[in-house]
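1. could you work out the structure for the sequence below:
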Amino acid sequence: MLKIKGFTFPEVIITIAIVGILSMAAVPVYKGYVRKSISVEGKSLLAEVNAAEQIYFARNGSFYPTTANGAGDDKLILGVNAEKNKYFTSYTVKDVKRDGDDWFFTATTEHGGKTITLKGSLNNEPVITDEFSTEG
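-> All right, here's what the predicted structure looks like:
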């Protein structure tokens, strides 16, 4: 007698249920890793802007005064090309000011309505506020 090999219907249903439960747990974790990696790209861009501003300050005695019309001249002078990035393809530098012996500037980059902000200083550590990696 010929015996047919295969899976029974309950075995298939149980397997589908297990795969469904595992995927329900894995998809949110995967999305969190994707958001985190996107956020890292933005932070890397702003770290590059911070380094360029520090070099500009060393050469000129002040941070680069940005143009009011947003023509992109600051990107050429600072030498930071954000167009090579996948998500954060532009940035703005603003609020360049002096407070006593310290100089301050603010740089921001945006993707999908979420922003990452860098508050740079001559005498203090730069502070990056990451609104992108928060949920919601």
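2. from now on I want contacts and neighbour counts done on CA atoms only, so please keep to that.
-> OK.
3. so where do the helices sit in the protein?
-> 9-60, 73-78 (DSSP state H).
4. which of these has the lowest mean pLDDT?
-> The stretch with the lowest mean pLDDT among these is helix 73-78, at a mean of 66.
5. contact partners for Phe132?
-> Arg35, Ser39, Lys114, Thr115, Ile116 (CA atoms under 8 Å, 6 or more residues apart in numbering).
6. what's the closest of those to Asn60?
-> Nearest to Asn60, judged by CA to CA, of the contacts of Phe132 is Ile116 at 26.8 Å.
7. list of residues touching the longest strand belonging to the chain?
-> Taking DSSP state E as the criterion, the chain has its longest strand at strand 102-111. Applying CA under 8 Å, 6+ apart, the contact partners of strand 102-111 are 42, 46, 49, 62-63, 87-88, 90-98, 115-123.
8. now that strand: buried residues?
-> The neighbour-count check on strand 102-111 (16 or more other CA atoms under 10 Å) flags Trp103, Phe104, Phe105, Thr106, Ala107, Thr108, Thr109, Glu110 as buried.
9. per-residue confidence for the last one?
-> Looking at Glu110, its pLDDT stands at 89.
10. now swap in the first one and tell me
-> The model reports Trp103 with a pLDDT of 87.
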